[in-house]
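Visitor: kindly return the folded structure for what I paste below:
(one chain, ligands or ions: 1)
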Amino acid sequence: MVASTQNLHHRSVRDVLPTTASGNGTTTTTTATTVNDKNNSKARDTHVWMYLVVHDVTEPIMVEVDQIYHLACPASPPHYQFNPVKTIKTSTMGTLNMLGLAKRVKAKILLTSTSEIYGDPQVHPQSEDYWGNVNPIGPRSCYDEGKRVAETMMYSYKEQSNVEVRVARIFNTFGPRMHPNDGRVVSNFIIQALQKKALTIYGEGDQTRSFQYVSDLVDGLHALMNGDYDGPVNLGNPDEFTMKEFAQYVKKLTKSESDIIFLEKTQDDPNKRKPDISLAKEKLGWEPRVTVKEGLSKTITYFQQVLDEAGEIIPTGPGASKPQN
Ligand SMILES: O=C(O)[C@H]1O[C@H](OP(=O)(O)OP(=O)(O)OC[C@H]2O[C@@H](n3ccc(=O)[nH]c3=O)[C@H](O)[C@@H]2O)[C@H](O)[C@@H](O)[C@@H]1O
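Guide: Residues are numbered from 1 along each chain as shown. Next comes the predicted model:
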């Protein structure tokens, strides 16, 4: 159902507002409202209504909600670098608008921050007390610094206006329903391997990432929102790979004979990344449950179906990060 803002019903038992990103580097927001009828305790009597509101978070919004999951922002490097000014507006003006909403209606607000606030880390693995190493004027800074200031806004609103805040620092996440042209490494390698195209490693492939399956992230976000802890919390799977190892692993799981090629390293690409998740374990009782292997198998099955339906797909590469003229 698509509803215009003024047609949304008034406050119900629990209204949840997730803001999400859609389009390539745009910040149009889809908004869903779910309503649980807590007068009926039996699960089968729980009612859920979903409304889709198309709105841009950089503009104020007037709705009545209890919880805000503020996810809106492109997160893939080629996508967030496509329109860096819009990416900054999303993280700054968008977060300001959502905090203003949270303050007005006394809603709890969760910001999806990122491992990228640690930049190219000099501490490994990264724990929440590490302040990071970010180039403030590099090509990634629209996203990294945007999310850093978004975190600052969250804690300023908490201090000044008693807004109840939650901040999740999300590490590399993947799963079915990723866009084939997402441009991040998991979808790129799988799509390349399934089509027997060369897997494209940027740089020498010694950089590391640690990959988390999407359902673990969802569980972590839910636990964070509904728990008491209000400091930033890393949500990620510490299972760490170099990109060379990861390319080989994807080839093995897809039984692909693709070549592996080495392209130019992208500027300011973090050399290593691995979450320290002690805090999430302690404060939320959360840790990943899906192995990288299980998650990749499901994602490979999904992308095989996408390819069967779509035909050839050339995934987004680094050269697509800017308009070509
Ligand atoms: O997946 C995520 O959740 C994260 O993705 C990105 O961070 P990044 O780690 O740079 O994501 P990728 O584009 O997937 O790159 C991972 C590594 O693979 C490399 N890569 C990527 C794509 C490719 O085709 N080949 C390749 O070697 C990149 O250079 C990088 O070293 C976002 O910026 C993060 O905010 C987000 O949390």
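Visitor: secondary structure class for Val167?
Guide: Recorded secondary structure, Val167: strand (DSSP: H, G, I helix; E, B strand; the rest coil).
Visitor: what's the closest non-adjacent residue to it?
Guide: Pro232 (4.2 Å; Cβ to Cβ, 6 or more residues apart in numbering). From N, CA and C alone the C-beta is placed, and that goes for glycine too.
Visitor: isn't that neighbour right up against Ile170?
Guide: No. If you go by Cβ atoms under 8 Å, Pro232 and Ile170 don't touch, sitting 10.8 Å apart.
Visitor: overlap in contacts, these two.
Guide: Ser113 (Cβ atoms under 8 Å, 6 or more residues apart in numbering).
Visitor: I'd like the next helix or strand past the helix-or-strand element of the chain with minimal mean pLDDT.
Guide: Within the chain, no helix or strand scores below strand 28-31, which has a mean of 46 by mean pLDDT, DSSP states H and E. Downstream of strand 28-31, the next assigned helix or strand under DSSP states H and E is strand 53-56.
Visitor: tell me if I am right that Lys158 is in a helix.
Guide: Yes. Assignment of Lys158 by three-state DSSP places it within a helix.
Visitor: skipping adjacent residues, who's closest to it in space?
Guide: Val165 (4.8 Å).
Visitor: equivalent analysis for Ser115, please.
Guide: Nearest to Ser115 is Phe171, by Cβ to Cβ, 6+ apart, at 4.3 Å.
Visitor: give me the neighbour count for the one you found.
Guide: By the measure other Cβ atoms under 10 Å, the count of residues near Phe171 is 25.
Visitor: and if you look at Ile191?
Guide: The burial count for Ile191: 27, using other Cβ under 10 Å.
Visitor: nearest residue to it in space, please, no chain neighbours.
Guide: Pro315 (4.8 Å).
Visitor: tell me which parts of the chain are close to the ligand?
Guide: 75, 77, 114-116, 143, 170, 172-173, 184-185, 188, 200-202, 207, 209, 243, 266, 269 (Cβ under 6 Å from any ligand atom).
Visitor: which of those are buried?
Guide: Buried by 16 or more other Cβ atoms under 10 Å: 75, 77, 114-116, 143, 170, 172-173, 184-185, 188, 200-202, 207, 209, 243, 266, out of the residues of the chain next to the ligand.
Visitor: next step: those residues restricted to strands.
Guide: 114, 170, 173, 200-202, 209 (DSSP state E).
Visitor: need the contact list for the residue nearest to Ser115.
Guide: 115, 209-210, 212, 234-237, 273-275.
Visitor: what does Thr299 give?
Guide: 174-176, 178, 186-187, 190.
Visitor: which residues touch stretch 87-99?
Guide: Here stretch 87-99 has contacts from 19, 21, 25, 27, 29, 57-61, 68, 70, 72-74, 80-81, 109, 111, 142-143, 145-147, 149-150, 153-154, 157, 163, using Cβ under 8 Å, 6+ apart.
Visitor: quick check: end-to-end length of stretch 49-60?
Guide: 23 Å (Cα to Cα, to the nearest Å).
Visitor: quick one: buried residues of that stretch?
Guide: 51, 53, 55-58.
Visitor: just those residues now: which is nearest Ala247?
Guide: When these are compared for distance to Ala247 (Cβ to Cβ), Val57 wins out at 35.7 Å.
Visitor: hang on, the closest one packs against Ala72?
Guide: Yes. Counting by Cβ under 8 Å, Val57 touches Ala72, with 4.6 Å between them.
Visitor: residue ranges with poor pLDDT in the stretch 101-250 of the chain?
Guide: For the stretch 101-250 of the chain, applying pLDDT under 70 flags no range at all.
Visitor: what's the spacing between stretch 158-177 and its chain's center?
Guide: Here the centre of stretch 158-177 is set off from its chain's centre by 9 Å, with Cα atoms, centre = their mean, to the nearest Å.
Visitor: right, I'll call it a day here.
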